[in-house]
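Colleague: Model the structure of this input:
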Amino acid sequence: MAPFPESFPANIDIKPVTVESERTGPRPRGTGKLLSTRLGSGLALLRAEHVAAAQKGNLRLEFEMDAGGKVSTWKVVPWWPDWWPHEPMETTS
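Modeller: This is a model prediction of the structure:
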């Protein structure tokens, strides 16, 4: 396992990887983007359906990074602050 760097470069693609035993539908499309990191935490732009599937255990979110000619794979664990809504807010027309 590669040592944990202090930060990762920005604009790394975060790819959804289907957990084969749980695959029931089409393969996930698109990627997320790692926007910034610092000391083990970061900010990323992710698709809502990828986050929901990752929390259910149906997907893994990961990215690869080349460090000195050796490619290492890093797992992304989505989380949000307590004050952020967990469900989309209903709109009334």
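
Colleague: got any ranges where this structure has weak pLDDT?
Modeller: Within the chain, the ranges that satisfy pLDDT under 70 run 1-4, 20-28, 40, 86-93.

Colleague: For it, just list every one of the strands.
Modeller: In the chain, the segments counted as strands under DSSP state E are 12-18, 32-38, 41-45, 59-67, 70-76.

Colleague: Relative to the fourth one, what are the paired strands and their orientations?
Modeller: The one in question is strand 59-67. When sheet partners are counted by DSSP bridges, strand 59-67 sits next to strand 12-18 (antiparallel), strand 70-76 (antiparallel).

Colleague: Could you check the angle the first one makes with strand 41-45?
Modeller: What separates the directions of strand 12-18 and strand 41-45 is an angle of 80 degrees, with axes from the mean of the first three to the mean of the last three C-alpha atoms, to 10 degrees.

Colleague: what do you get for the last one?
Modeller: On the basis of the same axes, to 10 degrees, strand 70-76 is oriented at 80 degrees to strand 41-45.

Colleague: gap between the two ends of stretch 38-57?
Modeller: For stretch 38-57, the first-to-last residue distance is 26 Å (C-alpha to C-alpha, to the nearest Å).

Colleague: Just the residues contacting that stretch, thanks.
Modeller: Stretch 38-57 is contacted from outside by 4, 6-8, 14, 16, 19, 22, 28, 30, 32-37, 59-61, 76-78, using C-beta atoms under 8 Å, 6 or more residues apart in numbering. Yep, even glycine has a C-beta here, placed from its N, CA and C like the rest.

Colleague: Please list all residues in contact with residue 65.
Modeller: Listed by C-beta under 8 Å, 6+ apart, the contact set of residue 65 reads 2, 8, 9, 12, 71, 72, 74.

Colleague: Is it bridged to anything, and to what?
Modeller: Counting by DSSP bridges, residue 65 forms beta bridges with residue 72.

Colleague: Could you dump the contacts of residue 65 into CSV and include neighbour count?
Modeller: What follows is the contacts of residue 65, written out as CSV (neighbours: other C-beta atoms under 10 Å):
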residue, neighbour count
2, 12
8, 16
9, 10
12, 20
71, 9
72, 14
74, 18
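
Colleague: Great, nothing more from me.
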